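Asks: Make a model of this:
(2 chains, ligands or ions: 1)
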Amino acid sequence: MDITLDFGGGAEVLFNNIKKRELKLDDGTKWTLRSFLQYMKDNLLTDRLELFMQGESVRPGILVLVNDTDWELLGELDYEIQPKDTISFISTLHGG
Amino acid sequence: MSQLTKQQIKRYNRQIIVPSIGVKGQVKLLDAKVVIVGAGGLGCPVSSNLTGTGVGTIGIVDYDEVEESNLHRQLLHYESDVLKNSKVDSAINKLQQMNSSIKFIRHNILINSSNAFDILRDYDIVVDCTDNVATRYLLNDACVLLKKPLVSGSALQLEGQLTVYNYQDGPCYRCIFSKPPPPETVQNCGDSGVIGAVTGVIGSLQAMEVVKIIMNHENVMSGKLLLYDAAMCSFRNIKLRSRRKDCEVCGDNPTITKLINYEQFCGMCAMDKNPNLKILSENERMSVSDYQNITNDHLLIDVRAVNEFEMCQIKNSINVPIKQLLAGKLNDELLNEMRQKDVYVVCRRGNDSQLAVKCLSDKYSIKSKDLIGGLYKWNEEIDNNFPLY
Ligand SMILES: [Zn+2]
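Replies: Coordinates of the predicted model:
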């Protein structure tokens, strides 16, 4: 299954500074955002874990989106990833 | 008879003829009372746009004075204001020249839990142009408790974000972010930088949302978040969750019913100037003047980012950015050298250097000392010509 992963608000610095990438997920299993976070942690994260995750979810201050919609509207960790989904991790900004 | 004077029609006719404004809209603008918290990168474009458009009463809140490093983006402040004028006075002096018919109210004070209600109470709309997490939670809670919409903008480096909280039945800041981010993940403009055109874009968008709220426009940016990425020149409009019924402050059974201590809640200072971290014991620290007297062969590690190190550095110091150090990416050659020599660590203000000393000790059992107060102290006590930023 092909998906797009992108980052914003500085969250990309935790992932080798790559803002957008295309990924191929193993078709044999069902992917939820829960299992995808573990995948990201094991395969993509290049900075310290605590800057990205807390427990099995993302740390406070990072917004997770699927196709530009807040994951809270989609079941959060239980959301089942669909082919061609764009999954985004946006860090909130506070500067002005 | 028009509800507007001849003078007002002369001045505002180019926006009055826009169908969604009209005379009715202009009258609403003239009657509106808006308060802008923060007279910096966002506050300048917000206040100048609202002044031009004829919002009748504009309050500006800021505690800071104008510094030279503000000028590249805070375009209401001039060279002649640096270290002379408060941001509030500097901004309002210019705004008055733009439009003398506006009533400006000066709030030259750091907004906090004990004065927020008094400052915000008399306005219809609050605009968040602040630069730190603690004040953002404070404004959110105050706006929920006072039942006022909060037009929130933020910017950093090449990105900006915009949304409206607590508008009609939309979510508040806590509905989206019930817990503050860990302090070490928060970047501010002082440490990470920002481009003036980015704050200009976001500030102008904030001003537009203020106008839409005053007009009772149906598409206010509530329950949505706009992401602006200047590098790609892209705008993305994100759909946010609705108001959370279990929100701590705007929910059906709120647990926050009065303002709390926001610096404590966030573990961060309510200003974009680093709090003084103190995590080391005395024998892990050294003053810049004691360091100056050292004669033996040693290593001075500067843990600032590469860009910052390139701007200025202490002679013979070597650059190992804090991120690289904390991520454990040190080469063996350097580690060996560190084990053989005395190691000192310096950064801009003396906070990251402490984290570095702690990390070197915990991770590598390397004993080092940090230079108290960093390059700021170095400038103050050793070399007045050392550039500060
Ligand atoms: Zn809420």
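Asks: Chain A: helices as residue ranges?
Replies: According to DSSP state H, chain A carries its helices in the segments A:33-43.
Asks: shaky segments in it?
Replies: Regions of chain A meeting the criterion pLDDT under 70 are absent.
Asks: if you go through it in chain order, where are the strands?
Replies: Listed in chain order, the strands of chain A (DSSP state E) span A:2-8, A:20-24, A:53-54, A:57-58, A:62-66, A:69-70, A:86-91.
Asks: contact partners of the third one?
Replies: Looking back up the chat, that one is strand A:53-54. Applying C-beta atoms under 8 Å, 6 or more residues apart in numbering or on different chains, the external contacts of strand A:53-54 come out as A:37, A:41, A:59, A:60. C-beta coordinates here come from the backbone N, C-alpha and C atoms, glycine included.
Asks: mind listing what the first one touches?
Replies: It stands for residue A:37. If a contact means C-beta under 8 Å, 6+ apart, then residue A:37 has A:53, A:56, A:57, A:58, A:77 as its contacts.
Asks: Can you name the residues that contact the closest residue to the third one other than its chain neighbours?
Replies: Think residue A:57. Spatially, and ignoring its direct neighbours in sequence, residue A:57 is nearest to residue A:77 (6.2 Å; C-beta to C-beta, 6 or more residues apart in numbering or on different chains). Applying C-beta under 8 Å, 6+ apart to residue A:77 gives the contacts A:32, A:33, A:34, A:37, A:56, A:57.
Asks: quick revisit: export the strands of chain A to TSV and tack on mean neighbour count and distance to the ion?
Replies: What follows is the strands of chain A, written out as TSV (neighbours: other C-beta atoms under 10 Å in any protein chain shown; distance: least, C-beta to the ion, whole Å):
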stretch	mean neighbour count	distance to the ion
strand A:2-8	18	23
strand A:20-24	12	31
strand A:53-54	16	21
strand A:57-58	18	19
strand A:62-66	22	15
strand A:69-70	19	14
strand A:86-91	22	19
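Asks: closest one to residue B:340 among the ones you listed?
Replies: strand A:53-54 (37.3 Å; C-beta to C-beta).
Asks: And the closest one, how far out from the chain middle?
Replies: The chain centroid and the centroid of strand A:53-54 are separated by 12 Å under C-alpha atoms, centre = their mean, to the nearest Å.
Asks: so what strands line up beside that strand?
Replies: If you go by DSSP bridges, strand A:53-54 pairs up with strand A:57-58 (antiparallel).
Asks: Give the closest residue to the residue of chain A found nearest chain B in space, chain neighbours not counted.
Replies: Proximity to chain B, evaluated over chain A using C-beta to the nearest C-beta, is greatest for residue A:61 at 2.8 Å. Closest residue to residue A:61 apart from its sequence neighbours, by C-beta to C-beta, 6+ apart: residue B:181 at 2.8 Å.
Asks: Now name the helix or strand holding the one you found.
Replies: Assigned by DSSP states H and E, residue B:181 belongs to no helix or strand.
Asks: Pull the number of nearby residues for the closest residue to residue B:158 other than its chain neighbours.
Replies: Closest residue to residue B:158 apart from its sequence neighbours, by C-beta to C-beta, 6+ apart: residue B:230 at 4.2 Å. For residue B:230, the count of nearby residues is 15 (other C-beta atoms under 10 Å in any protein chain shown).
Asks: OK, contacts around residue 71?
Replies: Going with chain A. Contacts of residue A:71 by C-beta under 8 Å, 6+ apart are A:33, A:64, A:65, A:79.
Asks: look at chain B instead
Replies: Counted by C-beta under 8 Å, 6+ apart, residue B:71 has contacts B:77, B:78, B:79, B:82.
Asks: can you rerun that using 7 Å?
Replies: B:77, B:79 (C-beta atoms under 7 Å, 6 or more residues apart in numbering or on different chains).
Asks: So what sits opposite the closest residue to residue B:124 other than its chain neighbours in the bridge?
Replies: Distance criterion C-beta to C-beta, 6+ apart; nearest residue to residue B:124, sequence neighbours excluded, is residue B:33 at 5.0 Å. Residue B:33 has these beta-bridge partners by DSSP bridges: residue B:57.
Asks: okay but residue B:33 is in contact with residue B:126, surely?
Replies: No - assessed by C-beta atoms under 7 Å, residue B:33 is found out of contact with residue B:126, at 10.4 Å.
Asks: between these two, which one's more packed in?
Replies: Comparing residue B:33 with residue B:126 by other C-beta under 10 Å, the one with more neighbours is residue B:126, at 27 against 16.
Asks: Can you check the pLDDT for residue B:272?
Replies: At residue B:272, the model reports a pLDDT of 62.
Asks: ignore the last one, residue B:232
Replies: Residue B:232 is assigned 94 on the pLDDT scale.
Asks: is the helix or strand bottoming out on mean pLDDT in chain B anywhere near chain A?
Replies: When the helices and strands of chain B are scored by mean pLDDT, DSSP states H and E, helix B:189-192 comes last with a mean of 76. Yes - Helix B:189-192 is in contact with chain A by C-beta under 7 Å from any C-beta of the partner chain, via residue B:189.
Asks: residues of that helix that come out buried?
Replies: B:189, B:190, B:191 (16 or more other C-beta atoms under 10 Å in any protein chain shown).
Asks: Among those residues, find me the one that's closest to residue B:176.
Replies: The shortest approach to residue B:176 among the buried residues of helix B:189-192 belongs to residue B:189, at 21.8 Å (C-beta to C-beta).
Asks: Near the residue in the stretch 51-200 of chain B that chain A sits nearest to, how many other residues are there?
Replies: Proximity of the stretch 51-200 of chain B to chain A (C-beta to the nearest C-beta) peaks at residue B:181, 2.8 Å away. Close neighbours of residue B:181, defined as other C-beta under 10 Å, add up to 20.
Asks: of all of chain A, which residue lies closest to the ion?
Replies: Using C-beta to the ion, the closest approach of chain A to the ion is made by residue A:72 at 12.5 Å.
Asks: so what's that residue up against?
Replies: For residue A:72, the contact set (C-beta under 7 Å, 6+ apart) comprises residue B:241.
Asks: cool, residue B:266 as well?
Replies: Neighbouring residues of residue B:266 by C-beta under 7 Å, 6+ apart: B:133, B:134, B:137, B:180.
Asks: can you list these in CSV and add neighbour count and distance to residue B:380?
Replies: Shown next, in CSV, are the contacts of residue B:266 (neighbours: other C-beta atoms under 10 Å in any protein chain shown; distance: C-beta to C-beta, whole Å):
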residue, neighbour count, distance to residue B:380
B:133, 25, 28
B:134, 23, 27
B:137, 23, 33
B:180, 21, 32
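Asks: Pick out the most distant pair among these.
Replies: Pairwise over the contacts of residue B:266, using C-beta to C-beta, the maximum falls at B:134 and B:180, 8.0 Å.
Asks: residues from chain A in reach of chain B?
Replies: A:8-10, A:47-48, A:51, A:59-61, A:65, A:68-70, A:72-73, A:90, A:92-96.
Asks: what pLDDT does the spatially most central residue of chain B get?
Replies: With distances taken as C-alpha atoms, centre = their mean, residue B:131 lies nearest the centre of chain B, 1.3 Å away. What the model reports as pLDDT for residue B:131 is 92.
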